[in-house]
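Q: Structure here, sequence nowhere to be found:
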């Protein structure tokens, strides 16, 4: 059996604590060295709070953990250990979650998106697109249709010629009724649950949490908003996205890093908290810098249907919805329009923040440079406008 058993994990922990080499461990377990390394990296556990930022250079090499490290006592880096009971728990969660979703990276999904979107724009069928690009898409025709039906691509079901006229099978109807979502990384919640979040911030009292969420328009429209809420000052950012995909969220944060620089990005976004939507299901791409691959933030997920666990962004949505009311399409909005709305929302005087606008509080905490880079402009109190008319008819109500 290729998978590690619970007994083998216990033996592995004991061998690590005994200071055995990777060759000795792999020989004792009767497994290839790469299999042992993969088990250690995948199922190790974070412990304690490091006094220094970053990661110990030794953790980049086998055995990737601090078990039996001779310098452990005086080390100020974040600690990682292999504990057989925690490893077994992670394995069980992975075994369950691996039965859902699509095993696609954000880059693979983006590549498929471009090929399919281009073909559909020319009136091609999915079968034709797949046959012409079989070596690039590398999916079955059935899986490609599943991607479309799960709203993972820019192309929607109504863009296909015959699909809108075909009645979905009963099983598909049930899936839609449940609101089933397909994940880019089906193991994304492992080590990032709400319990993990609470444990992470417990020893880091100065770490600030930023809540992120998606605001959707009517069902028949495509554009959505990514909202980013700074809990400590009440400031909200919002970014228009062409579709509710994982790549579109990654693109927003990559643009923010390039705009702010890695150091300032880390200061502004040390911890991200969100729901378990498919658009947030590629945490590795969000947590790492695209240029250096260094860590830039930590992402955690709330429990399903638990909006109370991220109340700040949910409450601020009420102010946003005063302008962008439910039922109004975002499809004619530009980023400049969204920035205008956000400035008015962030200039609102709110009782819970001592009647000070969020822009002033943000500038006080993070500096004028950060506020300027993000394009934050204070609107005079008498000019704050929180009605749809602010955008001069660009918001259209869908029938």
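A: Cool, got the structure. Here the structure is a predicted model, which is why all the values come from computation and not from measurement.
Q: can we go C-alpha only for contacts and neighbour counts from here?
A: OK.
Q: Settle this for me: residue 116 is touching residue 126, isn't it.
A: Yes: using Cα atoms under 8 Å, residue 116 is in contact with residue 126, at 7.3 Å.
Q: burial count for residue 70?
A: Using other Cα atoms under 10 Å, residue 70 is surrounded by 10 other residues.
Q: Residue 219 too?
A: 9.
Q: For the remainder of this discussion, apply numbering that starts at 473.
A: Sure thing, new numbering starts at 473, so read that last one as residue 691.
Q: so who does it touch?
A: Contact analysis of residue 691 by Cα atoms under 8 Å, 6 or more residues apart in numbering lists nothing.
Q: Am I right that it is in a strand?
A: No: with DSSP: H, G, I helix; E, B strand; the rest coil as the criterion, residue 691 is located in coil rather than a strand.
Q: Quick check: phi and psi on it?
A: phi -60, psi -40 (degrees, to the nearest 10).
Q: And it, how close does it get to residue 845?
A: 33 Å (Cα to Cα, to the nearest Å).
Q: lowest-confidence helix or strand of this structure?
A: Using mean pLDDT, DSSP states H and E, helix 642-650 stands out as the lowest-scoring helix or strand of the chain, at a mean of 42.
Q: Listing request: residues of this structure with sub-threshold pLDDT.
A: 473-474, 520-526, 567-575, 577-578, 633-657, 871 (pLDDT under 70).
Q: my guess is residue 694 contacts residue 717, does it?
A: No: Residue 694 is beyond contact range of residue 717, at 10.6 Å (criterion: Cα under 8 Å).
Q: And for residue 726, the neighbour number?
A: 20.
Q: Determine the three-state secondary structure at it.
A: helix.
Q: returning to that earlier point: buried ones in the next helix or strand after the least confident helix or strand of the chain, by neighbour count?
A: Following helix 642-650 in sequence order, the next helix or strand is helix 666-674 (DSSP states H and E). Using 16 or more other Cα atoms under 10 Å as the test for burial, helix 666-674 gives 666, 668, 669, 672.
Q: what's the distance between helix 666-674 and the middle of its chain?
A: Helix 666-674 sits 17 Å away from the centroid of its parent chain (Cα atoms, centre = their mean, to the nearest Å).
Q: try stretch 745-755
A: The answer for stretch 745-755 is 4 Å, by Cα atoms, centre = their mean.
Q: same thing with stretch 495-513?
A: Distance, centroid of stretch 495-513 to centroid of chain: 32 Å (Cα atoms, centre = their mean).
Q: Which parts of that stretch count as buried, going by neighbours?
A: Buried residues in stretch 495-513 (16+ other Cα under 10 Å): 497, 498, 501, 505, 508, 509, 511, 512, 513.
Q: Take the residues you listed and keep only those in helices.
A: 497, 498, 501, 505, 508, 509, 511, 512, 513 (DSSP state H).
Q: Return the distance of the fourth one relative to residue 676.
A: Taking Cα to Cα as the criterion, residue 505 is separated from residue 676 by 36 Å.
Q: How about the last one?
A: From residue 513 across to residue 676, the span is 24 Å (Cα to Cα).
Q: Kindly report the same for residue 855.
A: 40 Å.
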